[in-house]
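What shape does this take:
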Amino acid sequence: MKFSARDTLVIAILVLYLGKFLNRKIVFLRKYNIPEPVSGGVLASIFFSIIYFMIGTPLEFALNMRDTFLLIFFTTIGLSAKFSALVKGGKSLIIVSILASFFLIIQNTIGILAMTILGLPLALGIISGSIPLSGGHGTVIAWSPIFAQDYGVTNAAEVGIATATFGLILGGLVGGPIANFLITRHQLTSKSDENLVVGFPYDDQPTAKIDYNTMLNVILVITICIGIGVQANIFLQFLGLNLPEFVTCLFAGILLTNTIPFVFKSLPWPADTPSMELVSDLSLGMFLSISLMSLQLWTLSNLAGSILLVLIFQLVAVIAYSMLILFNLAGKDFDAATMAAGFAGLSLGATPTAIANMTAVTELFGPSPKAFIVIPLVGAFFIDIANVIVIQQFLNFVQ
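Below you'll find the predicted structure:
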């Protein structure tokens, strides 16, 4: 059963409404900063899986809109990134990049140890380590043919996709509670007087004021940025450098927001306006809703046991690393706690999951502009480069 783009959009909006309803009614979800798209999306994916088991027909959604929402979201993040904030986050960016890169080694080590316990090929430890968790579904798809051809692991794609799928769910569930514990335990507060990068303060959501002109400016500027980002991506591919489109759109936003307002000082710029926050929050919510509700959980049933064992080890490692290592080395302040929530989402799921975790935290506790600079840059750029190097070294080890 295939859903059209229109049907997919309607269902995604209903799923997002469901998440908002659940978070409003269930104190636990709101208290521990579970992102609304995760609350609704996980429940929806379980519901659609039950339908599959009842009628035996898979449900397929149109995912091209999901990718569009991703481009819009990262463009808004870039447009909110001022060089002054980048300078402030410079030290933290270096620290978190190093810590995230080192954690890739830990993830693959855990994967190999788990496969040793299960008596399975060691190469499966890598396809259930940093490839699906820090890399995500796209990285699994890119690397799985190599495992099949060179290492004889014919089910590498299934194991990797299953691990990435469960990791995506867990990443959205544990980030908020991690930040909540750290903020409460150390009595941390936001010291920034800037607006939230994504979303609105939880209590102010019903009364947020949206201006017509700034909304029009937001749509215009985002459209221009995406156009520049897509063309830049095509040019980089011509030069032999392959980056996801959302990365070049992110940098297009950073470039424009740090040049145009200074060159044309009388031009109204939409960054830091409620309209920009609304578009950013909405595009992130829609991306995650479509991503989570389209997870085909029924495809993972025959791999559940071994993957569950690996994920338990990986989950414990992420929680401990985020709270004990990253939080302390990143400054032991509110920004560090917010980055810990983001890192949990990044190292178990994907960059958008990390942003959703941090959005839920900042909507409740206050803004953290530094975290919204550091984590997206680590997730969108540095981690992919480090992951390629780490994966290759571990593949040499298991040969």
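
Show the low-confidence segments of the protein, by residue range.
Low-confidence segments of the chain, defined by pLDDT under 70, span residues 32-33, 84-89, 137-138, 141-142, 157, 192-209, 299-304, 380-381, 399.

so Pro121 sits in a strand?
No - looking at Pro121 with DSSP: H, G, I helix; E, B strand; the rest coil, it is coil, so not inside a strand.

number of nearby residues for it?
Pro121 is flanked by 18 other residues according to other Cβ atoms under 10 Å. Every C-beta, even on glycine, is put in place using the N, C-alpha and C of the backbone.

Who are the contact partners of it?
Residues touching Pro121, when contacts are defined by Cβ atoms under 8 Å, 6 or more residues apart in numbering, comprise Met115, Tyr151, Gly152, Val153, Val398.

any idea how far Phe147 is from it?
Taking Cβ to Cβ, to the nearest Å as the measure, Pro121 and Phe147 are separated by 9 Å.

Find residues that contact each of these two.
Residues touching both Pro121 and Phe147 by Cβ under 8 Å, 6+ apart: Val153.

returning to what we had before: tell me the one of the contacts of Pro121 nearest Lys82?
In terms of Cβ to Cβ, no member of these lies closer to Lys82 than Val398, at 44.5 Å.

didn't the closest one look like it was pressed against Gly125?
Yes - the criterion here is Cβ atoms under 8 Å, and Val398 meets it with Gly125 at 7.5 Å.

Please say which of those two ends up with more neighbours.
With neighbours defined as other Cβ under 10 Å, Val398 and Gly125 compare such that Gly125 has more, 24 against 15.

and the helix or strand hosting Ser275, what does it pack onto?
Using DSSP states H and E, the secondary-structure element containing Ser275 is helix 274-293. For helix 274-293, the elements it packs on are helix 5-25, helix 36-55, helix 64-79, helix 156-185, helix 212-238, helix 351-365, judged by 3 or more Cβ pairs under 8 Å, 6 or more residues apart in numbering; DSSP states H and E.

Need the residue in the protein that's farthest from the chain's center.
Here the centre of the chain is the reference, and by Cα atoms, centre = their mean the most remote residue is Ser266, at 35.4 Å.

List the contacts of Phe327.
With Cβ under 8 Å, 6+ apart as the criterion, the residues that contact Phe327 are Leu182, Ala336, Ala337, Met339, Ala340.

So among these, which ones count as buried?
Neighbour counting over the contacts of Phe327 (16 or more other Cβ atoms under 10 Å) leaves Leu182, Ala336, Ala337, Met339, Ala340 as the buried ones.

Spit out the residues that contact Val398 and Gly125 alike.
Ile112.

May I have the distance across stretch 376-387, first residue to last?
The first residue of stretch 376-387 is 16 Å away from its last residue (Cα to Cα, to the nearest Å).

The nearest residue to Trp269 once chain neighbours are set aside and Leu324, how far apart?
Distance criterion Cβ to Cβ, 6 or more residues apart in numbering; nearest residue to Trp269, sequence neighbours excluded, is Pro261 at 4.5 Å. As judged by Cβ to Cβ, Pro261 and Leu324 stand 41 Å apart.

For those two, indicate the residue with more neighbours.
Pro261 (15 against 11).

Can you name the helix or strand that the more buried one falls in?
When elements are assigned from DSSP H and E, Pro261 belongs to helix 260-263.

Identify the residues contacting that helix?
Contacting residues not belonging to helix 260-263 are listed as Leu267, Trp269, Ala271 [Cβ under 8 Å, 6+ apart].

Contacts only, for the last one.
In this case it means Ala271. So Ala271 contacts Leu79, Ser80, Lys82, Thr257, Pro261 (Cβ under 8 Å, 6+ apart).

quick one, phi/psi of it?
Dihedral pair for Ala271: phi -60, psi 150, per degrees, to the nearest 10.

same question, the first one
In terms of degrees, to the nearest 10, the main-chain angles of Leu267 are phi -80, psi 120.

neighbours around Leu71, how many?
Other residues near Leu71 number 22, with proximity taken as other Cβ under 10 Å.

so what's it up against?
With contacts defined as Cβ under 8 Å, 6+ apart, Leu71 is in contact with Ile226, Gly229, Glu245, Phe246, Cys249.
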